[in-house]
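A.B. asks: Below: sequence and its predicted model.
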Protein chains: 2
Amino acid sequence: MYTKTLTSRTKNDIPTSADRAYEIIFEKILSGELAPGEKLSIRTMSRLTGVSMIPVIEALHRLEYEGLVESFPRWGSRVVSLTPETVRDRNMLREAVECQVVRLLAEMGLSKEQEHQLRFMAEELDATPRTDERNSPFWKLHYEFHMKMAEYTGCQSLIRALHNVNLFHLLQRIVLLKPALHAKTLGDLHQKILGKIVAKDPDGAEKAMRDHIRVSVLTQQST
Amino acid sequence: MYTKTLTSRTKNDIPTSADRAYEIIFEKILSGELAPGEKLSIRTMSRLTGVSMIPVIEALHRLEYEGLVESFPRWGSRVVSLTPETVRDRNMLREAVECQVVRLLAEMGLSKEQEHQLRFMAEELDATPRTDERNSPFWKLHYEFHMKMAEYTGCQSLIRALHNVNLFHLLQRIVLLKPALHAKTLGDLHQKILGKIVAKDPDGAEKAMRDHIRVSVLTQQST
DNA sequence: AATCTATAACTGTTATAACAGTTATAGAAA
DNA sequence: TTTCTATAACTGTTATAACAGTTATAGATT
């Protein structure tokens, strides 16, 4: 699953109770079973996950860090609300990060191997029709392409921020699950972005990415 | 103090033990008493702060979220290390956020009151000589100007991300406490950025901000 | 019937103690 | 002196129980 947490455990490490609680709550949020805005009381989550209150608290903190949960002092936690303000907020952060990523890549230059890898992914992505169904292959490819670019910058902060906004975006799509409208491909949009990077044109790459994001935001809102 | 946490409590709320632990550890990190890279064991922090282990865990999570502490599964927490990679990483995130902020403001347009407020702050800032001393008024003004712009975007994610990179920057300055070299003003740099915003020139505003940040990074490294 | 009140069932917070694992140290064997 | 081993002192993790505060409900009073 491409929504796997970034704060992964060491490979030969047994998962802690907090890990288990995290994964259970995580899944239930992204499946819609725990709806946006729903209160997540510690004791309820404790019963739900089968662990005691303390690891639940840690799990909720992780989810808050990832942006799927919001907490208020002396009040508790809830699944993040999908208000217009929140959506705008995350889109602004996404734009900041994605634009910085492509600019950095255009300035650094890609290795031949990196370029081929991204080229391959961009071609497959641009050939895949975009639908609003859950589990549509488009979204998995889309996530992987954008994350791969972030990885190539070598900046952990950018990678993590992008991961978090992607999670939010995924939540948004699942909750607002709409009929599969405009199931068409996006032309060669991602290949064009990559072209600007390869041509070492930071301004052009950033502009192409920004246009891509804003169009995407508009179509989200209009459908 | 301009390093006060963003995750503030409600006004008439008594601080929790986790709040107290957070503030004590926070101060000790930013004063250098707890040095970058130093292990922060839960029991030691518990003795240090006078609260039990559980609120200490929460305090460390908050500090991790703010980027002052890094944790590893089944290992524990330490004050964030000031490696070249970490420094580059935060600078990249700063650039992404700051550039997005000025671009947004240039696209939205400022109200007359906002414009006057920023003008006032920019003039004061640009007239203040920059030194590397701790408690130099330059840094307080600098922080407040940049944060005020972020506030005017209305985007919580950008505000918080900027707050966090500012904390890291502050830690960096304090730890690498250098003699007060190049104690000169920066000309009218911030006023120029503001000018681009007021002129509703997103590309120009972003470029001016990016140049500002990169020059600032270079002078940090070279001195 | 409407309103006040007292009780019961929640809430987040946190101190304590115990479990399991790692690291360091000290003493014995080579 | 060096090496192995056993013990002691740590480490993060977490279950339990208790405290204080809020909310909702049910019963009594007006």
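C.D. replies: Received the coordinates, thanks.

A.B. asks: State the next helix or strand along the chain beyond the secondary structure element (helix or strand) that residue A:144 belongs to.
C.D. replies: Per DSSP states H and E, residue A:144 falls inside helix A:137-153. With elements assigned by DSSP H and E, the helix or strand that comes after helix A:137-153 is helix A:156-175.

A.B. asks: Run the angle between that following helix and helix A:137-153 for me.
C.D. replies: Here helix A:156-175 points in a direction 170 degrees away from that of helix A:137-153 (axes from the mean of the first three to the mean of the last three Cα atoms, to 10 degrees).

A.B. asks: Domain ranges for chain A, per the record?
C.D. replies: Domain segmentation of chain A under automatic domain parsing yields A:17-79, A:84-222.

A.B. asks: Does the last one reach chain B?
C.D. replies: Yes. Part of domain A:84-222 sits close enough to chain B to count as contact by Cβ under 8 Å from any Cβ of the partner chain, namely A:85, A:88-90, A:92-93, A:95-97, A:99-100, A:104, A:153-158, A:161, A:203. (Glycine included, C-beta is placed from N, CA and C.)

A.B. asks: Which of those residues are buried, as a PyMOL select command?
C.D. replies: Of these, the buried ones go into a single PyMOL selection, burial set by 16 or more other Cβ atoms under 10 Å in any protein chain shown:
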select buried, chain A and resi 88+89+90+92+93+95+96+97+99+100+104+153+155+156+157+158+161
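
A.B. asks: sec struct for residue A:70, please.
C.D. replies: Recorded secondary structure, residue A:70: strand (DSSP: H, G, I helix; E, B strand; the rest coil).

A.B. asks: hmm, back to that, elements contacting the helix holding residue A:144?
C.D. replies: Helix A:137-153 is packed against helix A:84-108, helix A:112-126, helix A:156-175, with contacts defined by 3 or more Cβ pairs under 8 Å, 6 or more residues apart in numbering or on different chains; DSSP states H and E.

A.B. asks: how far off helix A:84-108 does the second one point, in degrees?
C.D. replies: Right, helix A:112-126. Helix A:112-126 runs at 140 degrees relative to helix A:84-108, counting by the same axes, to 10 degrees.

A.B. asks: From the chain's centroid, how far away is helix A:112-126?
C.D. replies: Put simply, helix A:112-126 sits 20 Å off its chain's centre (Cα atoms, centre = their mean, to the nearest Å).

A.B. asks: Give the buried residues for that helix.
C.D. replies: By neighbour count with 16+ other Cβ under 10 Å, helix A:112-126 contains the buried residues A:114-115, A:118-119, A:121-122, A:125-126.

A.B. asks: Quick one: mean pLDDT over it.
C.D. replies: For helix A:112-126, mean pLDDT rounds to 95.

A.B. asks: so what pLDDT did the residue nearest the centre of chain A get?
C.D. replies: Central residue of chain A (Cα atoms, centre = their mean): residue A:166, 1.1 Å from the mean position. On pLDDT, residue A:166 comes in at 94.

A.B. asks: Repeat that for residue A:136.
C.D. replies: 81.

A.B. asks: Mind telling me which residue of chain A is nearest DNA strand D?
C.D. replies: Nearest residue of chain A to DNA strand D (Cβ to the nearest atom of the strand) works out as residue A:52 at 2.5 Å.

A.B. asks: Can you name every helix or strand that the lowest-mean-pLDDT helix or strand in chain A contacts?
C.D. replies: Using mean pLDDT, DSSP states H and E, helix A:202-222 stands out as the lowest-scoring helix or strand of chain A, at a mean of 85. Contacts defined by 3+ Cβ pairs under 8 Å, 6+ apart place helix A:202-222 against helix A:84-108, helix A:189-198.

A.B. asks: Figure out which of the ones you listed is closest to residue B:18.
C.D. replies: In terms of Cβ to Cβ, the element of the helices and strands packed on helix A:202-222 nearest to residue B:18 is helix A:84-108, at 25.4 Å.

A.B. asks: Just give me how far the closest one sits from the chain centre.
C.D. replies: Relative to the centre of its chain, helix A:84-108 is centred 12 Å away, using Cα atoms, centre = their mean.

A.B. asks: now that helix and helix B:202-222, what's the angle there?
C.D. replies: 60 degrees.

A.B. asks: what packs against helix A:84-108?
C.D. replies: Under the contact criterion of 3+ Cβ pairs under 8 Å, 6+ apart, helix A:84-108 touches helix A:137-153, helix A:156-175, helix A:189-198, helix A:202-222, helix B:84-108, helix B:156-175.

A.B. asks: Would you convert the ones you listed into CSV that also reports distance to DNA strand D?
C.D. replies: Converted to CSV, the helices and strands packed on helix A:84-108 look like this (distance: least, Cβ to the nearest atom of the strand, whole Å):
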stretch, distance to DNA strand D
helix A:137-153, 26
helix A:156-175, 19
helix A:189-198, 39
helix A:202-222, 33
helix B:84-108, 20
helix B:156-175, 20
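
A.B. asks: would you turn the helices and strands packed on helix A:202-222 into a markdown table with mean pLDDT?
C.D. replies: What follows is the helices and strands packed on helix A:202-222, written out as a markdown table (pLDDT from 0 to 100):
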| stretch | mean pLDDT |
| --- | --- |
| helix A:84-108 | 96 |
| helix A:189-198 | 93 |
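
A.B. asks: Relative to residue B:215, which of those helices is closest?
C.D. replies: Comparing the helices and strands packed on helix A:202-222 under Cβ to Cβ, the one sitting nearest is helix A:84-108, at 15.8 Å.

A.B. asks: From the structure, what's the count of residues near the spatially closest residue to residue A:124 that is not a sequence neighbour?
C.D. replies: Excluding its sequence neighbours, the residue lying closest to residue A:124 (Cβ to Cβ, 6 or more residues apart in numbering or on different chains) is residue A:141, at 6.0 Å. Using other Cβ atoms under 10 Å in any protein chain shown, residue A:141 is surrounded by 20 other residues.

A.B. asks: Having no further points to raise, I will conclude here.
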